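J.: For reference, the sequence and a predicted model appear below.
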Amino acid sequence: MSATTINAPAVALPPTSTFIQRFCRNRTAMVAAIILLAIVLIAVFAPYIAPHDPARSSLRAILKPPSAMYWFGSDDLGRDVASRLIFASRLSLVASLQAVAIALVIGMPLGLIAGYVGGWVDTIISRCNDALMSFPALILAVVIVGLMGPSLTNAMTAIGLVYAPRIMRVVRGSTLSVREEVYVRAARATGCSDTRIILRHVLPNVTGPLVVQATVLMGQALLAEAGLSFLGLGTQPPEASWGAMLGTAFPYMAESPVPTIAAGVVISVTVLCFNLIGDGIRDSVGRMRRSGD
Amino acid sequence: MSNKPCLRVENLHVSYDVGSTGFLGKRRKLHAVNDVSLEIGAGETLGLVGESGSGKSTAGLAILRLIDVASGTVRLGETDVAGATRSELRALRRRMQMVFQDPYSSLNPSMTIAQLLEEPLIIHADIPKDERKAMIGRMLESVGLHAGYAARYPHEFSGGQRQRIAIARAMMLHPELVVLDEPVSALDVSTQSQIMNLLKKIQGDSGTAFLLVAHDLSVVRLMSPRVAVMYLGEIVETGPSGRVYDQPAHPYTAALISAVPFPDPERQRRVNRIILGGDLPSPMSPPSGCRFRTRCPFVMDICSKEAPPKVAVEGGGLASCHLHAHGPKLGGRSLNDFIRDKQIVSAA
């Protein structure tokens, strides 16, 4: 390679570049997205990838170290840790998705209404929101699960409820600024109803920050699920989620450290991927709006 | 003025709440538009001029009820706009539309041109989808854009093209009245004339009445046969454009017109310029009597005591100034001779 090629300036993207083009330029976010895609594919094709039945225990293989047979060793009931991690990815990902979906379903309409209507409606919604946000998230979730009874669905519903105020706050903030845009006034001049203005003119223009927040919350929900399951409030045996596996492997860490570390690494990597993708999206959205200037 | 009025505004007042003075303090009001009356005939254009802060845009928004009217009547044809309920108002929007100043912010960036133009049809008319598509194509071509642009987004267009799209959106339902709020001031000079010609052509084809709100006097002169001049929320002079521009009967109008530069420096030096001192007074506490008296070069004792009445002007229109009944007693004649005698000439 000649010196000129090395010194040549990076080709700048045209101002009209699309979101996808800009996101693909972000190397960190792309790597994170590829890793996450791999994890999702592993979850989808778990039965074809896992070397063993994740629920079959063998009394002869209790707490075995890693080997060709058991990649990450076996747990206290003689189950294959690798297979369980692979199957657990399904539960963990779906659980996070469920929590974020609940947070979106509750937080988004409230945020749109509070931001668009304003006045005392906004005051009431926002003050309730502030009160909810002042609780530590995980402790509030523990209380809610305590009331509803321990199960994964209840745990993720609780996490969703706890995260709804964060979504609401982001949506309200963006709505407040979009509401003042001239095109919203233009929509009113055209004769649009308030419902139509909110759905067609405000909502599409608040999705940028919303997607970022939702992606970051996916990571946090995964972490919260792990925490609740570690405490025994989430996933119930014999089901396996990453957090539950961390919880069952932890007492035997002295004899067999690999299962604990494996579960911990998988959780950390996935959460990191979600956060990095969130950052990547944040840096890539928004610029196309007025790029024609 | 043509036969039947399209828009009739009488004694329009608009005020903004500007917060209270301290906790539990009295709410203060800013009177942005004060006792404005005007009339536009069907298919006619009325220019509304004034400097920034004169309330001309506010008046335009209030006429369309995009902001609240404090008092006064606004009639579109036979229909009462100022007193319309929310649902009546939404139905009325079909008959009155608006084009905004900045075409970069007045088009929703997340909607395609087809969606933007389709929206008025969906809201106000029950038209089958393929017919709507044909209407959008025809409208795009009539504003000088390719019908194939319908699938594109606003950010793919230049300022002039976007303003064409905004005009197309306003014209989709063939409204009786369109308020043009500084429709060309955000555009390049070369594009300005194209858009003005387009507006004139559209008006010729559709018979829509325009209320043209602008600060650029040459734009207004080109576009509208009649003008109204606003100062600090009040209309100080109205009349046919030619008369108002050549023979102003209010000192503020004379000052505005003398501020328009001539392209010829020789001529520019010979012009009697009235240079106004100071800024627009606060509309929170407007001057007593005549609102213009604090900046008027011809101020008299009576100006601070009484608000000037409207006086009929030779050559058409009205002017609100004490000079017509007091002092030099112009009695509706233009200010030109008076200014020349007074030697209020720029130093140059």
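T.: Perfect, thanks for sending it. Residues are numbered from 1 along each chain as shown, chains lettered A, B, ... in the order given.

J.: contacts and neighbour counts: CA atoms only from here.
T.: Will do.

J.: Look up the closest residue to the residue in the stretch 51-200 of chain B that chain A sits nearest to, ignoring the ones flanking it.
T.: At 4.1 Å from chain A, residue B:106 is the closest residue in the stretch 51-200 of chain B, using CA to the nearest CA. Take residue B:106 and drop its neighbours on the chain: the residue closest to it by CA to CA, 6 or more residues apart in numbering or on different chains is residue A:183, 4.1 Å away.

J.: any idea which element the residue of the stretch 51-200 of chain B closest to chain A lies in?
T.: Per DSSP states H and E, residue B:106 falls between elements, in no helix or strand.

J.: max-length helix in the chain?
T.: No chain in the question, so chain A it is. With secondary structure taken from DSSP state H, chain A has its longest helix at helix A:81-117.

J.: Hmm, no, I was thinking of chain B.
T.: Chain B, longest helix under DSSP H: helix B:189-206.

J.: can you give me the offset of that one from its chain's centre?
T.: Distance of helix B:189-206 from the chain centroid (CA atoms, centre = their mean, to the nearest Å) equals 17 Å.

J.: Okay, helices next: where are they in the chain?
T.: Reading this off chain A. Counting by DSSP H, one finds helices in chain A at the ranges A:3-7, A:19-25, A:27-44, A:46-49, A:81-117, A:119-133, A:137-148, A:152-179, A:182-190, A:194-196, A:203-230, A:242-249, A:258-284.

J.: Please refer instead to chain B.
T.: B:56-63, B:86-92, B:113-124, B:129-142, B:159-171, B:189-206, B:217-223, B:241-246, B:251-258, B:265-270, B:336-342.

J.: Switch those over to TSV; also include mean neighbour count and distance to chain A.
T.: As requested, those are exported to TSV (neighbours: other CA atoms under 10 Å in any protein chain shown; distance: least, CA to the nearest CA, whole Å):
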stretch	mean neighbour count	distance to chain A
helix B:56-63	23	9
helix B:86-92	15	5
helix B:113-124	20	6
helix B:129-142	17	16
helix B:159-171	24	7
helix B:189-206	15	15
helix B:217-223	18	23
helix B:241-246	20	29
helix B:251-258	22	29
helix B:265-270	11	34
helix B:336-342	13	41
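
J.: I'd like these laid out as CSV, including mean pLDDT.
T.: Output for the helices of chain B, formatted as CSV (pLDDT from 0 to 100):
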stretch, mean pLDDT
helix B:56-63, 92
helix B:86-92, 89
helix B:113-124, 92
helix B:129-142, 92
helix B:159-171, 93
helix B:189-206, 91
helix B:217-223, 89
helix B:241-246, 90
helix B:251-258, 88
helix B:265-270, 74
helix B:336-342, 74
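
J.: can you list the residues that contact stretch A:122-142?
T.: Identification of contacts with stretch A:122-142 by CA atoms under 8 Å, 6 or more residues apart in numbering or on different chains yields A:110, A:113-115, A:155, A:158-159, A:162-163, A:165-166, A:168-169, A:224, A:228, A:233.

J.: And for stretch A:62-72?
T.: With CA under 8 Å, 6+ apart as the test, stretch A:62-72 has contacts from A:73-82, A:255-256, A:258-259, A:262.

J.: thinking in terms of the whole chain, how far from its middle is it?
T.: Relative to its parent chain, stretch A:62-72 has a centroid offset of 31 Å by CA atoms, centre = their mean.

J.: Mind listing what's buried along that stretch?
T.: By 16 or more other CA atoms under 10 Å in any protein chain shown, the buried positions in stretch A:62-72 come out as A:62-66, A:70-72.

J.: swap in stretch A:46-63?
T.: So, applying 16+ other CA under 10 Å, buried residues of stretch A:46-63: A:46, A:50-52, A:54-55, A:57, A:61-63.

J.: Which residues are in contact with residue 284?
T.: All of this refers to chain A. Residues in contact with residue A:284 (CA under 8 Å, 6+ apart) are A:19-20, A:22-23.

J.: I was after chain B.
T.: Applying CA under 8 Å, 6+ apart, the residues contacting residue B:284 are B:28-31.

J.: and the stretch 101-250 of chain A, which residues reach chain B?
T.: With CA under 8 Å from any CA of the partner chain as the criterion, the stretch 101-250 of chain A meets chain B at residues A:181-186, A:188-193, A:201, A:204-205.

J.: how does it look with 10 Å?
T.: A:181-193, A:196, A:200-205 (CA under 10 Å from any CA of the partner chain).

J.: Those residues, buried ones only, as a PyMOL selection?
T.: Restricted to buried positions by 16+ other CA under 10 Å, the PyMOL selection for these reads:
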select buried, chain A and resi 181+182+183+184+185+186+187+188+189+190+191+192+200+201+202+203+205
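
J.: who's the residue nearest the centre of chain B bridged to?
T.: Closest to where the C-alpha atoms of chain B average out (CA atoms, centre = their mean) is residue B:213, at 2.1 Å. Here residue B:213 sits in beta bridges with residue B:48, residue B:181, as judged by DSSP bridges.
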